[in-house]
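S.K.: Below are the sequence and a predicted model for it; my questions follow.
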Amino acid sequence: MTLVLVAHGTRDPAGAVVVEEIASLVRARLGGVPVRVAYADVRQPDVTSVLGSVAGPAVVVPAFLAAGYHVRVDIPAQVAASGHPDAVITDPIGPALVPALLSRLAEAGWTAGDSVVLAAAGSSDPRALADVRAIATALSRRVGPVSIGYAATAEPRIGDVVASASGRVAVASWLLAPGLFHRVVADSGAAVVAAPIGAHLRVVEAVLLRYYEARCFQDVA
């Protein structure tokens with residue numbers, strides 16, 4: 001049963017490298033299971049073309065941190081356009097990645113007492129913004145109060161939130177890979193800016209969990 005790992009897509013080559021690294025780690029854990037990479041936007045191949053070349057059942061795992069427009073609309077539309085007769089789409093992987101978020105923040109130099117800001121890409125979908133607020137709440141249980149700033153689309157913008165925070169500011173990057181959004185976050189003026197979550201072990205485990213859940217569902221159905 002092929003696993004199709006779907007990322008957002010970025011013109012930054014470093015972002016694509018991270019996605020391929022995640023796919024490689026997942027592939028190693030799954031043994032002989034085929035693992036293919038597809039993109040919801042910006043880069044090729046898209047989900048439609050990848051599924052068009054997959055024979056047999058497929059599990060499509062959105063490597064997204066929130067369930068915004070791409071997860072709710074674009075990916076299902078691309079799956080439908082492929083005409084693949086046996087493909088299931090899982091939930092995104094974001095909720096499982098708070099430990100990875102905290103790990104990247106600590107690696108960047110966060111210390112107790114810093115004002116912490118959670119930086120997210122932003123979305124016009126209120127459900128995606130609710131997902132971000134849930135992550136901020138979970139993170140606050142470990143680091144104290146957490147403000148939220150967005151790199152695009154939503155308000156408040158990350159630079160404004162950093163500018164209004166008191167003391168030393170540490171930004172936790174709720175982003176999977178390098179690209180335009182993280183460059184905006186890096187330029188926010190914060191003293192500490194965590195790297196994107198990247199090919200963290202928790203990401204690999206979250207992708208595997210979604211895959212196994214989908215396989216179990218298909219085996220039972």
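M.R.: Yep, it's here. Numbers count the residues shown, from 1 in each chain.

S.K.: Mind telling me what element Val61 is part of?
M.R.: Taking DSSP states H and E as the definition, Val61 sits inside strand 58-62.

S.K.: hmm, who's touching the next helix or strand after that strand?
M.R.: Next helix or strand after strand 58-62 toward the C-terminus (DSSP H and E): helix 69. Applying CB atoms under 8 Å, 6 or more residues apart in numbering, the external contacts of helix 69 come out as 123-125, 128. (C-beta placed from N, C-alpha, C; glycine too.)

S.K.: Same check on stretch 25-41?
M.R.: Under CB under 8 Å, 6+ apart, the answer for stretch 25-41 is 1-9, 19-20, 23, 45-47, 49-51, 54, 60, 62, 70, 74-75, 78, 199, 204, 207-208, 211.

S.K.: Flag every buried residue along it.
M.R.: For stretch 25-41, burial by neighbour count (16 or more other CB atoms under 10 Å) applies to 25-27, 30, 35-40.

S.K.: Pull out the buried positions in the biggest helix by length in the chain.
M.R.: Secondary structure of the chain per DSSP state H: the longest helix is helix 201-220. Using 16+ other CB under 10 Å as the test for burial, helix 201-220 gives 202-208, 210-211, 214-215.

S.K.: what's in contact with that helix?
M.R.: So helix 201-220 is contacted by 1, 3, 5, 22, 25-26, 29-30, 57, 59, 61, 63, 88, 90-91, 93, 96-97, 99-100, 103, 176, 197 (CB under 8 Å, 6+ apart).

S.K.: coming back round to it: could you flag which of the contacts of stretch 25-41 are buried?
M.R.: For the contacts of stretch 25-41, a neighbour count by 16+ other CB under 10 Å gives the buried set as 1-9, 19, 23, 46-47, 50-51, 54, 60, 62, 70, 74-75, 78, 199, 204, 207-208, 211.

S.K.: a markdown table for the buried residues of stretch 25-41, including distance to Val117?
M.R.: What follows is these, written out as a markdown table (distance: CB to CB, whole Å):
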| residue | distance to Val117 |
| --- | --- |
| Leu25 | 29 |
| Val26 | 30 |
| Arg27 | 35 |
| Leu30 | 36 |
| Val35 | 34 |
| Arg36 | 35 |
| Val37 | 31 |
| Ala38 | 32 |
| Tyr39 | 28 |
| Ala40 | 26 |
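
S.K.: Taking these, tell me the two that lie furthest apart.
M.R.: Across the buried residues of stretch 25-41, the longest distance by CB to CB is 21.9 Å; it joins Leu30 and Ala40.

S.K.: How about Val19: what's its closest non-neighbour residue?
M.R.: Leaving aside its chain neighbours, Val19 sits nearest to Ala7 (4.4 Å; criterion: CB to CB, 6 or more residues apart in numbering).

S.K.: Just list whatever residues bridge to the one you found.
M.R.: Tyr39 (DSSP bridges).

S.K.: Check the spacing between Leu139 and Ala151 real quick.
M.R.: Distance of Leu139 to Ala151, given as CB to CB, to the nearest Å: 17 Å.

S.K.: Of these two, which one has the most company?
M.R.: Ranked by neighbour count (other CB atoms under 10 Å), Leu139 and Ala151 place Ala151 first, with 25 against 21.

S.K.: ok, now which ones touch the more buried one?
M.R.: 119-122, 157-158, 175, 180-182, 184-185.

S.K.: Reformat the residues you listed as TSV; add neighbour count and secondary structure.
M.R.: TSV is the format used below for the contacts of Ala151 (neighbours: other CB atoms under 10 Å; DSSP: H, G, I helix; E, B strand; the rest coil):
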residue	neighbour count	secondary structure
Ala119	31	strand
Ala120	29	strand
Ala121	26	coil
Gly122	23	coil
Arg157	18	strand
Ile158	29	helix
Leu175	25	coil
Leu180	15	helix
Phe181	27	helix
His182	24	helix
Val184	20	helix
Val185	27	helix
